[in-house]
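> Sharing a model that was predicted from the sequence below.
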Amino acid sequence: MKAARLKSYGDVDQLVIDEVPTPQPQAGEVLIKIETSAVNHFDLIIRQGYAAQFIPLELPAVLGTDAAGTVIEVGAGVTGIAVGDRVIADFAHNGKGAHAEYGVAPITAIAKLAANLTFEQGATLPKAGLTGRQSVDALHVKAGDRVLISGALGTVGRAAIQYLREIGAKPVAGVRTNRLEEARQLAGEALDITETPSNAEFDYAISAVAPVAGNLIGHVRDGGHVVSIVPVPEGANTEHRVKIDEIYHSTDAETLKAVVEVASRGELTIPVAKTFRLDQLGAAQSAVANGIQGKVVLKH
């Protein structure tokens, strides 16, 4: 099979297309013919070697975590998923990822893809959906609570807004000035997150964009709670006046199933900014690095 592999840590020129053996599913795993995969910011960090100390890879490695495709083989003990099922999958950062014609994933990282969703739509859902929902869960908010979300028009932000509405909380989108109207249409309420706040009015916030993390924390009252999926800059939380939890998503099949369900009802839409071919992974990663708005996907 064809796979886009990282030869060595470095720039996009280290990404090449190779012919490699098709993997075989073991017990509790399925083999997926991957139709579409997505490119995330963290893929760039992996490629550059910045995460090598805590996510070591055996190079050359296949990157990519978000994928959608069709199950073509199941391993021993697999139930609930059958050959021919359309699925989405959250692949691990183990060097055997989604940027290939075929991939193996455990049943715990897979959910069936609704018939009214395309493979392209499916590939946008795993990481964004898991991270958005798990960020909200970590805040322990209840119905009626107002929650500020920076990067609200990004993939994780959109998933968090949908979930907050689902549980009856009130999302407030924190965005740049030129996107306020778009954010209001999505969340119902929005503010300019780039401005230094004059007062702290929120008990809860989700930080999804690093450059404005300090401003977001300034909007949170003393004793409030912030969940951040990006590094919090030094000095942003002087005297530890708010509680900050930095999280990274964990794979969960039931959460993936819930994300597919809300997407199939039209309650969660993650815009696709641009589609590339598998052999254009370098260009796709460059588009993400340059700040393209929306999801970047690869058609295999």
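Right, received. Where do you want to start? Residues are numbered from 1 along each chain as shown.

> from here on, contacts and neighbour counts on C-alpha atoms
Will do.

> Check what contacts the lengthiest helix in the chain and list those residues.
Ranked by number of residues, the top helix in the chain under DSSP state H is helix 126-139. Residues outside helix 126-139 that contact it (CA atoms under 8 Å, 6 or more residues apart in numbering): 65-67, 88-90, 155-160, 163-164, 204, 206, 225-229, 247-252, 255-256, 259.

> go on, stretch 270-289?
So stretch 270-289 is in contact with 4, 12-13, 15-17, 39-41, 43-44, 99-100, 121, 124-125, 155, 158, 292-300, going by CA under 8 Å, 6+ apart.

> List buried residues within these.
Among those, those buried by neighbour count (16 or more other CA atoms under 10 Å) are 4, 12, 15-17, 39-40, 43-44, 99-100, 121, 124-125, 155, 158, 294-300.

> Show the end-to-end separation of stretch 111-129, please.
In stretch 111-129, first residue to last residue: 12 Å (CA to CA, to the nearest Å).

> So for it, mean pLDDT?
For stretch 111-129, mean pLDDT rounds to 98.

> Any buried residues in it, and which?
Within stretch 111-129, judged by 16+ other CA under 10 Å, the buried ones are 111-114, 119-129.

> Can you tell me which of the residues you listed lies closest to residue 198?
The nearest member of the buried residues of stretch 111-129 to residue 198, counting by CA to CA, is residue 128 at 31.2 Å.

> same for the lengthiest strand in the chain, what does it pack against?
In the chain, taking DSSP state E as the definition, the longest strand is strand 29-39. If you count contacts as 3 or more CA pairs under 8 Å, 6 or more residues apart in numbering; DSSP states H and E, strand 29-39 packs onto strand 66-74, strand 102-106, helix 119-123, helix 281-289, strand 295-299.

> again, only this time at 7 Å
strand 66-74, strand 102-106, helix 119-123, strand 295-299 (3 or more CA pairs under 7 Å, 6 or more residues apart in numbering; DSSP states H and E).

> and these as TSV, adding distance to residue 48?
Shown next, in TSV, are the helices and strands packed on strand 29-39 (distance: least, CA to CA, whole Å):
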stretch	distance to residue 48
strand 66-74	19
strand 102-106	23
helix 119-123	23
strand 295-299	19
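
> Which one of those lies nearest to residue 150?
strand 295-299 (17.1 Å).

> quick one: the closest one to strand 66-74, angle?
30 degrees (axes from the mean of the first three to the mean of the last three CA atoms, to 10 degrees).

> So what's the model's average confidence on strand 295-299?
The average pLDDT within strand 295-299 is 98.

> pretty sure residue 168 is touching residue 147, no?
No. Counting by CA atoms under 7 Å, residue 168 stays clear of residue 147, with 11.2 Å between them.

> So between the two, which is more surrounded?
Higher neighbour count among residue 168 and residue 147: residue 147, with 26 against 14, using other CA atoms under 10 Å.

> So that one sits against residue 170, correct?
Yes. The pair residue 147 and residue 170 passes the contact test of CA under 7 Å, sitting 6.1 Å apart.

> sorry, back to before: between the helices and strands packed on strand 29-39, which gets nearest to residue 221?
strand 295-299 (32.8 Å).

> and that closest one, which strands flank it?
strand 29-39 (antiparallel), strand 272-277 (parallel) (DSSP bridges).

> Averaged over its residues, which helix or strand of this protein has the lowest pLDDT?
The helix or strand of the chain with the poorest confidence is helix 213-218; it has a mean of 88 (mean pLDDT, DSSP states H and E).

> Restrict that helix to CA atoms and write it as PDB.
Only the C-alpha atoms of helix 213-218 are listed here, as PDB (Å, rounded to 0.1, in the frame of the first residue of the first chain):
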ATOM      1  CA  ALA A 213      -4.300  32.700  26.500                       C
ATOM      2  CA  GLY A 214      -3.300  35.600  28.800                       C
ATOM      3  CA  ASN A 215      -6.200  37.700  27.700                       C
ATOM      4  CA  LEU A 216      -8.600  34.800  28.200                       C
ATOM      5  CA  ILE A 217      -7.400  34.200  31.800                       C
ATOM      6  CA  GLY A 218      -7.900  38.000  32.500                       C
END
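
> List the buried residues for the helix or strand just after it?
Next in sequence after helix 213-218, counting helices and strands by DSSP states H and E, comes strand 220-228. Applying a neighbour-count criterion of 16+ other CA under 10 Å, one finds 220-222, 224-228 buried in strand 220-228.

> May I see the residues you listed organised as a markdown table, with distance to residue 56 added?
Output for those, formatted as a markdown table (distance: CA to CA, whole Å):
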| residue | distance to residue 56 |
| --- | --- |
| 220 | 36 |
| 221 | 39 |
| 222 | 39 |
| 224 | 35 |
| 225 | 32 |
| 226 | 29 |
| 227 | 26 |
| 228 | 24 |
